[in-house]
Every structure is written in structure tokens, then in C-alpha cells.
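Asker: next comes the sequence, and after it the predicted model I'd like to discuss.
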Amino acid sequence: MLALMWKRSAAIALVVLAGASGVTACSSSSASDSPATSASVNVAEATVIDVRTPSEYAAGHLEGAQNIDVESGAFAAQIGALPKDSAYIVYCRSGNRSAVAAAQMKDLGFTNVVDAGGLQEAADTTGLPVVQ
């Protein structure tokens, strides 16, 4: 788990260093890396998905984020209805559920997914404000 957190932090550091024009993240797809895959994600072109519960989302979420609860029975169907070749940034409260969501998305054939971790980490990385 510590290695996963370090790798996510390293990927986010690369995102922050990439520039102010938006989030651009690159990650390798080795088995030891985070389950998220990504070629390159620009926050202005990506769909941001909050995978927390609706009540958590209502308490505060990234501006423009869609709420698709990874723990709901409808998650796979809702995610599966999205275009698999589009760019996605997923986040949750602490990073655990976003890692699960990113892995499920990869298993469903999504190729451009960034696991941005927890809400604050995602806000810092994307530059999007937290709104209610």
C-alpha cells in the first residue's frame, strides 16, 4: 500500500510539474503501478468523476465533477455507458475507492484514466475548486 501511495504521489508530482495549462499525467502500465492507466489527461478535456457516495459528494466535490458511486450496484453500468476512449480523472475521499474505480474502468476497456486519489489531492492536482 505504501508503494502504491508513493507511486501515486510521484505521478501527481509529475502532473504538477507538467505545467499550468491543465493536468497532464503519464504513467506506465506495469503490474506494480497504480491500476489507473493514462496516456495524457488535460483537465479541460477530461471528465472528472467523484466515486464517493451521493451524501459525500453533496458535502463538497470538485467543480464540474460527475458523481458515480463506485460502491453502488449500478457503477459498472453507469461507467460502461461512457465512451472508453475519452479521458477521465477519478477521485474519492482518501484514494482507496478511486483506485478500485480506476481498476474497474481499466478492466472495462478504458484506456485514459487517472486516479487522482483523495479529494484534496485531486483539487491540488487539477486546480479545480471544491464546491458544494
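Answerer: Nice, I can see it.
Asker: ok, now which ones touch residue 109?
Answerer: residue 84 (Cβ atoms under 8 Å, 6 or more residues apart in numbering). In short, each C-beta sits where N, CA and C put it, glycine included.
Asker: could you check how far it is from residue 76?
Answerer: As defined by Cβ to Cβ, to the nearest Å, residue 109 lies at a distance of 12 Å from residue 76.
Asker: list the residue ranges of this structure that fall below the pLDDT cut-off.
Answerer: 1-40 (pLDDT under 70).
Asker: if you skip the residues just before and after it, what's nearest to residue 80?
Answerer: Closest residue to residue 80 apart from its sequence neighbours, by Cβ to Cβ, 6 or more residues apart in numbering: residue 108 at 5.7 Å.
Asker: what about the strands in the chain?
Answerer: Ranges of strands within the chain are 47-50, 61-62, 66-67, 88-92, 113-118, 130-131, based on DSSP state E.
Asker: please produce TSV containing these, extended by distance to residue 103 and mean neighbour count.
Answerer: Output for these, formatted as TSV (distance: least, Cβ to Cβ, whole Å; neighbours: other Cβ atoms under 10 Å):
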stretch	distance to residue 103	mean neighbour count
strand 47-50	14	23
strand 61-62	21	22
strand 66-67	19	16
strand 88-92	10	29
strand 113-118	9	29
strand 130-131	25	12
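Asker: now for the ones you listed, which one comes closest to residue 100?
Answerer: Counting by Cβ to Cβ, residue 100 lies closest to strand 88-92 out of those; the figure is 8.5 Å.
Asker: quick one: the closest residue to residue 62 other than its chain neighbours from residue 73, how far?
Answerer: Leaving aside its sequence neighbours, residue 62 sits nearest to residue 128 (Cβ to Cβ, 6+ apart; 4.4 Å). Distance check for residue 128 against residue 73: by Cβ to Cβ, it reads 28 Å.
Asker: do the same with residue 122
Answerer: The gap separating residue 122 from residue 73 is 25 Å, by Cβ to Cβ.
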